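Colleague: turn this into a model:
(chains A and B)
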Protein chains: 2
Amino acid sequence: MNRSSVKELLQSDKFLHEVHVKGWVRTFRSNRFIALNDGSTINNIQCVVDFENTNEALLKRITTSAAVSITGTLVESQGKGQKVEINVTNLEILGDSNPDEYPIQPKKHSLEFLRENAHLRVRTNTFSAVMRVRSKLSFAVHKYFQDNGFNYVNTPIITGSDAEGAGEMFKVTNFEANKAPLNEEGQIDYKQDFFGKETNLTVSGQLEAETYAMALGKVYTFGPTFRAENSNTTRHLAEFWMIEPEVAFMDLDGNMDLSEDFIKSVLGYVLEHCEDDLAFLDQRLTQEEKSKPQAQRSDMSLLEKLRFVVDNNFKRVSYTEAIDILRNSKPNKKKKFQFPINEWGADLQSEHERFLVEKHFKCPVILFDYPADIKAFYMRLNEDGKTVRAMDVLFPGIGEIVGGAQREERLDVLKEKMAALNIDEKELWWYLDTRKFGTAVHSGFGLGFERLVLFTTGMSNIRDVIPFPRTPQNAEF
Amino acid sequence: MNRSSVKELLQSDKFLHEVHVKGWVRTFRSNRFIALNDGSTINNIQCVVDFENTNEALLKRITTSAAVSITGTLVESQGKGQKVEINVTNLEILGDSNPDEYPIQPKKHSLEFLRENAHLRVRTNTFSAVMRVRSKLSFAVHKYFQDNGFNYVNTPIITGSDAEGAGEMFKVTNFEANKAPLNEEGQIDYKQDFFGKETNLTVSGQLEAETYAMALGKVYTFGPTFRAENSNTTRHLAEFWMIEPEVAFMDLDGNMDLSEDFIKSVLGYVLEHCEDDLAFLDQRLTQEEKSKPQAQRSDMSLLEKLRFVVDNNFKRVSYTEAIDILRNSKPNKKKKFQFPINEWGADLQSEHERFLVEKHFKCPVILFDYPADIKAFYMRLNEDGKTVRAMDVLFPGIGEIVGGAQREERLDVLKEKMAALNIDEKELWWYLDTRKFGTAVHSGFGLGFERLVLFTTGMSNIRDVIPFPRTPQNAEF
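Modeller: Coordinates of the predicted model:
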């Protein structure tokens, strides 16, 4: 007989027929009720064992996380909480799970403990829900761009260019540690390394994506990027997935429109396609919030927050306006900010972004036209000569979720900027070529995928929304 | 006025209205006809310039790869080869392209030359077609798995486990070259490196994906993988994208079904969604074949080959049968094989795979049940004790495109295998846990994405189907 998934059976309205299902035991209570899960949905199907006619030894092997094969009759459930259940006629243990050894028992474990068991934590409700939502969110990203005429571009992971300066890079090498050969000048002879030059792990695919946008028009990347920074926070990973669209003939206004439309679309997609998982995560967050003091609790539930973002316009505010608001804000006047805002030109810290988003505007905010000095060399200089066409999308609870810009399309201005920052033109000859041959206005942004998953799932630590997190001192699995 | 894409305009059947388009000049002939492309399609739109009333200096700036903004009237075309064209009323040069400097002129360049200009080659017909097909093929991969209830899993790129043995690995480090600190025993003190241990770039996400399959049921990876092997061939890259589905409760037969259904589905998707690009690539290959001696030409055109794979069953042949066929084959008897097949147990070389696929069966072939000795430790041992439930899918012109297996689910057998190969159990404690707690039959495979793109586009060098190829001595861009 064909095996059905738990999801299919739970949706079935055809009763009294024989069904076959395989999965893992979540709980087994009263020697009778198995809650069975196979990963197809967060919901378990109840399998009722006729314990009086079942071998004692077999009953003992029905333990949490044991893999079982069940045949039985699908019937309407008499109990609460489920529409259907299976009256078991045959049960086979496929793989035992010794309860004295299995680390994840049906009780509340700390997220820290589960992180140490990242290979097993996905067997819990919380992590299976997070990872299914993550998967659907990934697909929503691809679907959005493909539906809108973008081409997916796989920019290189190993890169020989280190000129972008988005962050510290990991070195990639084939040399044996402390045995790299030297050249005649006594320097490391990278010509003998695998790629014939010094190579690193990419911090961004943007520059390469730009070369593709200048031919295919609309492109996006979605791949892993890396930061060798010793940031032990709940918002940073050494290895994370980044989404970077890049569009020819699009200016900053178009870029803001794109980022807003994109985020609303992918959140709308998961609201539609992850109903059960999001309902669970919504409940989970509400429970968690109850342990917090009233003042720190969120006004909105997870689902309300997601719907709020989908249904409301992002507030667009220039950096200059934002500085005015911050300078005149209560926390600034009462010296509550760790970094007081005194003058135009200050770099905004997380505390300022959170004030703007969570206290002042109470909605997602797009800040734009930042001072040139605090932004990257490739951003389009405004006519005022002091600001650039940069934008950041700020989210409640997350802070910066998108960073983007209209790119500097003028060769002479770009070269001046690079010279001022001592970026070698020879390093980026190919990037400069895009401005030499058929240059045009173009824009793009980067979105750290895990921050989006964090927001969507209501989890609070970024290590809990990627299967096997990479952080300082941690590359287990 | 809103800008239209070239693709939209070419599909339009509304004439005599004003349109606006931006793109790059592909060719400009007779001082009159601009072939304009914006990346949205392989097809150009013809823009007819009224040269008698156009400034001479402006006309001179209409050069290959110049970016232009055009307003005009969309009309039915009088000329051959296109349905519509634009009578230009206004033309603005957005970005010049000096023909004395622009390296890619409208003539045939060698693929080698274009590879050195990987940032510009996507502006050619061939590479724009390849990269659009690649993008659609990527989406087809995600769509297939998502439609079939799989969850996308991002397995780690930086890995601390080096036990899989799928190939040579690149080292990832934060240590300065030749300045790694030593511990008290005089060994490199990796505890002081970023992750507190030796780390490498992943060669496969399979082992981690298995841990997820044993919770979510059906999962797949699609991400970059790496080989630090000095293979300068047309089929190898140091950095390539791999697709790895992994399914709980699925045996080798199910695995063969999945691989066949998957490949047919994604090829079917691009046949439907990349008609123009594939028609171009089909023509391109036919032209290229004409320069070959008759005997080396393919019997089928590119489109015929793709349809053949979609429409025909893959031939399933056991390794043992294959050895029989090879042993009795003409080339073996006439000693034409570089590696003669004398006995059962021999590892199959590319020449043997090609004979089976291209000469003997003349269709894609799935070989299964290989000798245990020539396959990886995690493959399920058959009851005969000498073969494993491995499978390879072999494609004409490509060779191995898929390698997969039913995994060894029995803890004791797996441990024995590891011991025999000196694989430290401590390295893979988490992998062994999947066999300890609720183990079950499960299977999966790996498909090198670039080999699939190679087959789909009819290109002959794998460096030409990834935007910025990484190969020995080459990490430019």
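
Colleague: ok, whichever residue of the stretch 301-450 of chain A sits closest to chain B - contacts?
Modeller: Nearest residue of the stretch 301-450 of chain A to chain B: A:Thr439, at 3.4 Å (CB to the nearest CB). For the C-beta atoms, the positions are set from N, CA and C on the backbone; glycine is no exception. The neighbours of A:Thr439, taking CB atoms under 8 Å, 6 or more residues apart in numbering or on different chains as the test, are A:214, A:409-411, B:67, B:94-95.

Colleague: and the residues you listed, which are buried?
Modeller: Buried residues within the contacts of A:Thr439, defined by neighbour count using 16 or more other CB atoms under 10 Å in any protein chain shown: A:214, A:409, A:411, B:67, B:94-95.

Colleague: mind checking which of the residues you listed are in strands?
Modeller: B:67, B:94-95 (DSSP state E).

Colleague: same list (those) but as a markdown table, adding distance to A:Tyr190 and pLDDT.
Modeller: Shown next, in a markdown table, are those (distance: CB to CB, whole Å; pLDDT from 0 to 100):
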| residue | distance to A:Tyr190 | pLDDT |
| --- | --- | --- |
| B:Ala67 | 37 | 98 |
| B:Leu94 | 39 | 98 |
| B:Gly95 | 35 | 98 |
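
Colleague: using PDB, list the CA coordinates for stretch A:407-418.
Modeller: The C-alpha coordinates for stretch A:407-418 follow below in PDB (Å, rounded to 0.1, in the frame of the first residue of the first chain):
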ATOM      1  CA  ARG A 407      25.300  53.200  -7.800                       C
ATOM      2  CA  GLU A 408      27.800  55.800  -9.000                       C
ATOM      3  CA  GLU A 409      27.500  55.400 -12.700                       C
ATOM      4  CA  ARG A 410      30.000  58.200 -13.600                       C
ATOM      5  CA  LEU A 411      33.500  56.900 -14.300                       C
ATOM      6  CA  ASP A 412      35.300  60.100 -13.300                       C
ATOM      7  CA  VAL A 413      33.400  60.500 -10.000                       C
ATOM      8  CA  LEU A 414      33.900  56.800  -9.200                       C
ATOM      9  CA  LYS A 415      37.600  57.000  -9.800                       C
ATOM     10  CA  GLU A 416      38.000  60.100  -7.600                       C
ATOM     11  CA  LYS A 417      36.200  58.300  -4.800                       C
ATOM     12  CA  MET A 418      38.400  55.200  -5.200                       C
END
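
Colleague: hmm, who's touching that stretch?
Modeller: By CB under 8 Å, 6+ apart, the list of residues contacting stretch A:407-418 reads A:210, A:377-381, A:424-425, A:428, A:432, A:435-436, A:439-444, B:95.

Colleague: now do the buried residues in that stretch.
Modeller: Going by 16+ other CB under 10 Å, stretch A:407-418 has these buried residues: A:407-409, A:411, A:414, A:417-418.

Colleague: can you redo these as TSV with pLDDT?
Modeller: Shown next, in TSV, are the buried residues of stretch A:407-418 (pLDDT from 0 to 100):
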residue	pLDDT
A:Arg407	98
A:Glu408	98
A:Glu409	98
A:Leu411	98
A:Leu414	97
A:Lys417	95
A:Met418	94
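
Colleague: and the buried ones among the contacts of A:Thr439, which is closest to B:Ile243?
Modeller: Distance to B:Ile243 across these (CB to CB) is lowest for A:Met214, with 28.9 Å.

Colleague: one step back: keep only the ones in strands among the buried ones among the contacts of A:Thr439 that also lie close to chain A.
Modeller: B:67, B:94-95 (CB under 8 Å from any CB of the partner chain).

Colleague: quick one: name the residues of the stretch 201-350 of chain A near chain B.
Modeller: Residues of the stretch 201-350 of chain A lying near chain B (CB under 8 Å from any CB): A:201, A:208, A:211-212, A:214-218, A:223-224, A:226, A:228, A:230, A:238-239, A:241, A:248-249.

Colleague: out of those, name the ones that lie in helices.
Modeller: Counting by DSSP state H, those place A:208, A:211-212, A:214-216 in helices.

Colleague: sorry, back to before: tabulate the buried ones among the contacts of A:Thr439 in CSV, adding columns for distance to B:Glu304.
Modeller: Putting those into CSV (distance: CB to CB, whole Å) gives the following:
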residue, distance to B:Glu304
A:Met214, 35
A:Glu409, 44
A:Leu411, 47
B:Ala67, 38
B:Leu94, 42
B:Gly95, 41
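
Colleague: tell me the one of the residues you listed nearest B:Val141?
Modeller: A:Met214 (26.4 Å).

Colleague: can you pull the contacts of that closest one?
Modeller: Contacts of A:Met214 (CB under 8 Å, 6+ apart): A:248, A:434, A:438-440, A:442, B:24, B:123.

Colleague: could I get the residues you listed in TSV, plus columns for secondary structure, pLDDT and distance to A:Lys171?
Modeller: Below are those laid out as TSV (DSSP: H, G, I helix; E, B strand; the rest coil; pLDDT from 0 to 100; distance: CB to CB, whole Å):
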residue	secondary structure	pLDDT	distance to A:Lys171
A:Ala248	strand	98	34
A:Thr434	helix	97	27
A:Gly438	coil	98	35
A:Thr439	coil	98	33
A:Ala440	coil	98	35
A:His442	strand	98	31
B:Trp24	strand	98	37
B:Arg123	helix	97	33
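
Colleague: run the chain-centre distance for stretch A:171-184.
Modeller: For stretch A:171-184, the distance from its own C-alpha centre to the chain's C-alpha centre is 35 Å (CA atoms, centre = their mean, to the nearest Å).

Colleague: what is the nearest of the buried ones among the contacts of A:Thr439 to B:Val266?
Modeller: Using CB to CB, A:Met214 is the member of the buried ones among the contacts of A:Thr439 that sits closest to B:Val266, with 28.4 Å.

Colleague: pLDDT score for that closest one?
Modeller: Note on A:Met214: pLDDT of 98.

Colleague: can you show me the strands along the stretch 101-250 of chain A?
Modeller: Along the stretch 101-250 of chain A, counting by DSSP state E, counting those that start in this stretch, strands occupy A:151-152, A:158-159, A:171-173, A:199-201, A:218-226, A:239-248.
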